[in-house]
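Colleague: I'll drop the sequence and a predicted model, then ask my questions.
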Amino acid sequence: MTGRRPLIALAVALVAGGALLATVNRSSTPPPVSAPAPAAPAMERRPASITAKLPDGADYTPLFYATAEVSAGTAPAPDGTADRLLLRSPSGDLELARRDKARYAQFLGFTAAGGNLYWAESSARPEGDYETRLWRAPLDGSAAPASLTTDTGAVVFFDSEYDLVVADGRLHWVAAAPGDAARTELRSVAVTGGPVTTTPFEGRFRHTAWPWLLSVDDQAPLTLADPLTGERRVVTKAAAESVVCTPAWCRSMVTAAGDRYLFDARRPDGTDRRRIPGNLTAISVDTAVAGRYELFTEYRTGRVALVAYDLQTSALLTLAADAGVSAAKAGVVWWSEGGAWRSVDLR
């Protein structure tokens, strides 16, 4: 895509259940607590850990974890003139990209499959417009990154683990249709690169668990759609609920007194509903991470805990009693703590 930025901010505004979006857990004011909930027991999984400072002194920010020990993220060049994309693993740190600050590069849409990392890069071109390019690189560092295509259309990112999806030997994404039409372009390219295929699809959608799509149009019913079969399922929801779903699970939210959020886990048809206890804030636009967990921060007496609600057992478990920035994608949750980045693979 040339001429404009990918629709990142617009996508965040359009996501069904927009209030469920991850809020970056920095020094925000905690919501009022009517009564402290009992502390959730610790999850019995030992986190992996890496330093937040690189050997050259730069601060590293992970954007994606392929496993608990292999991450991709950004760090400034030591002299401050460039932004770098790095792959960090127990075997060492590998620079995947270095872009001059004047290009305002953004690295988005990470996913991993078949031993490869895939991502999108949006950056300014010398001509003054913007280009979005899709990339692939082996996770073991055995080859240099390979460009797959710049024919991305008006690509839309939702900060979801499904922004890019690898399936059937192709890399898939969604783009906004030209004009104001309420349609979505389903685009894909072979994982080795080549021509891009584009299929128009009625309605505004984003990817969820493959091959399903989830609608992102507040003016239309919340819908799950399978573009391969044509099946569409309207998700049962109350007017006051904000809901995000996969075909198996939904997370709903309503705002209670005192600007507190109340979260329920439920099925798309409204059955199997249960309340998730605590004063919580969701950290992901996706529901049912690793097919099993809802992930939240919970304010506890001056600290921010990171907790996981187990959909199988209905138990609330503590991942970290004092977490900083936290995020989750593709089955891995990570957070900052004491000068380190810690991560747990929930798959």
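Modeller: Structure's in. What do you need?
Colleague: Which elements pack onto the helix or strand hosting residue 264?
Modeller: Element membership for residue 264, per DSSP states H and E: strand 260-266. On a contact count with 3 or more Cβ pairs under 8 Å, 6 or more residues apart in numbering; DSSP states H and E, strand 260-266 meets strand 250-256, strand 274-276, strand 280-282, strand 293-300. (C-beta placed from N, C-alpha, C; glycine too.)
Colleague: and for the second one, what are the contacting residues?
Modeller: So that's strand 274-276. Residues external to strand 274-276 that are found in contact with it (Cβ atoms under 8 Å, 6 or more residues apart in numbering): 262, 263, 264, 265, 266, 294, 296, 309, 314, 316.
Colleague: what residues are up against residue 345?
Modeller: Residue 345 is in contact with 45, 65, 67, 68, 331, 332, counting by Cβ under 8 Å, 6+ apart.
Colleague: can you do 7 Å?
Modeller: Counting by Cβ atoms under 7 Å, 6 or more residues apart in numbering, residue 345 makes contact with 67, 68, 331, 332.
Colleague: Near the second one, how many other residues are there?
Modeller: This means residue 68. Other residues near residue 68 come to 21 when the count uses other Cβ atoms under 10 Å.
Colleague: Show the pLDDT at it.
Modeller: Reading off the confidence values, residue 68 has pLDDT 97.
Colleague: is it true that residue 258 lies in a helix?
Modeller: Yes. With DSSP: H, G, I helix; E, B strand; the rest coil as the criterion, residue 258 is part of a helix.
Colleague: how many neighbours does it have?
Modeller: 10.
Colleague: what about this protein, any weak spots by pLDDT?
Modeller: For the chain, the stretches with pLDDT under 70 are 1-39.
Colleague: Secondary structure element holding the residue most central in space within the chain?
Modeller: The central residue of the chain, meaning the one whose C-alpha is nearest the mean C-alpha position (Cα atoms, centre = their mean), is residue 160 at 3.0 Å. With secondary structure defined by DSSP H and E, residue 160 is part of neither a helix nor a strand.
Colleague: from memory residue 124 sits against residue 105, does it?
Modeller: No. In this structure residue 124 lies outside contact range of residue 105 using Cβ atoms under 7 Å: 8.0 Å.
Colleague: Tell me which of these two has more neighbours.
Modeller: For the pair residue 124 and residue 105, the greater number of neighbours falls to residue 105 (19 against 16), based on other Cβ under 10 Å.
Colleague: Quick check: phi and psi on that one?
Modeller: Summarising the backbone geometry of residue 105 under the convention degrees, to the nearest 10, its torsions are phi -70, psi 140.
Colleague: can you pull the buried residues of stretch 168-183?
Modeller: For stretch 168-183, the neighbour count (16 or more other Cβ atoms under 10 Å) marks 170, 171, 172, 173, 174, 175, 176, 177, 183 as buried.
Colleague: ah, wrong one, I meant stretch 238-256
Modeller: Of the residues in stretch 238-256, those buried under the neighbour-count criterion (16+ other Cβ under 10 Å) are 241, 242, 243, 244, 245, 246, 247, 249, 250, 251, 252, 253.
Colleague: of all the residues you listed, which comes closest to residue 232?
Modeller: For those, the minimum distance to residue 232 (Cβ to Cβ) is 11.6 Å, reached by residue 247.
Colleague: how close does residue 57 sit to residue 75?
Modeller: Using Cβ to Cβ, to the nearest Å, one gets 10 Å for the distance from residue 57 to residue 75.
Colleague: neighbour-wise, which of the two wins?
Modeller: Neighbours per residue (other Cβ under 10 Å) separate residue 57 from residue 75, with residue 75 holding more: 23 against 9.
Colleague: List the contacts of the strand or helix carrying that one.
Modeller: Residue 75 is located in strand 70-76, with elements delineated by DSSP H and E. Contacts made with strand 70-76 from outside it, assessed by Cβ under 7 Å, 6+ apart, are listed as 54, 58-65, 83-89, 107, 110, 117, 139.
Colleague: between the next helix-or-strand element following that strand and strand 70-76, what angle do the directions make?
Modeller: Of the helices and strands lying after strand 70-76 in sequence (DSSP H and E), the nearest is strand 82-89. Counting by axes from the mean of the first three to the mean of the last three Cα atoms, to 10 degrees, strand 82-89 points 160 degrees away from the direction of strand 70-76.
Colleague: Each with direction, which strands does strand 82-89 pair with?
Modeller: When sheet partners are counted by DSSP bridges, strand 82-89 sits next to strand 70-76 (antiparallel), strand 92-100 (antiparallel).
Colleague: what number of residues lie near residue 329?
Modeller: Taking other Cβ under 10 Å as the neighbour definition, residue 329 ends up with a count of 24.
Colleague: I'd like to know which of the strands paired with strand 82-89 lies nearest to residue 301.
Modeller: When the strands paired with strand 82-89 are ranked by proximity to residue 301, the top entry is strand 70-76, at 30.9 Å, counting by Cβ to Cβ.
Colleague: just how off-centre is the closest one within its chain?
Modeller: 15 Å (Cα atoms, centre = their mean, to the nearest Å).
Colleague: and what of stretch 171-178?
Modeller: For stretch 171-178, the distance between its averaged C-alpha position and the chain's averaged C-alpha position is 17 Å (Cα atoms, centre = their mean).
Colleague: quick one: which of the contacts of strand 274-276 is nearest to residue 150?
Modeller: Distance to residue 150 across the contacts of strand 274-276 (Cβ to Cβ) is lowest for residue 294, with 36.6 Å.
Colleague: Fine, thanks again, bye for now.
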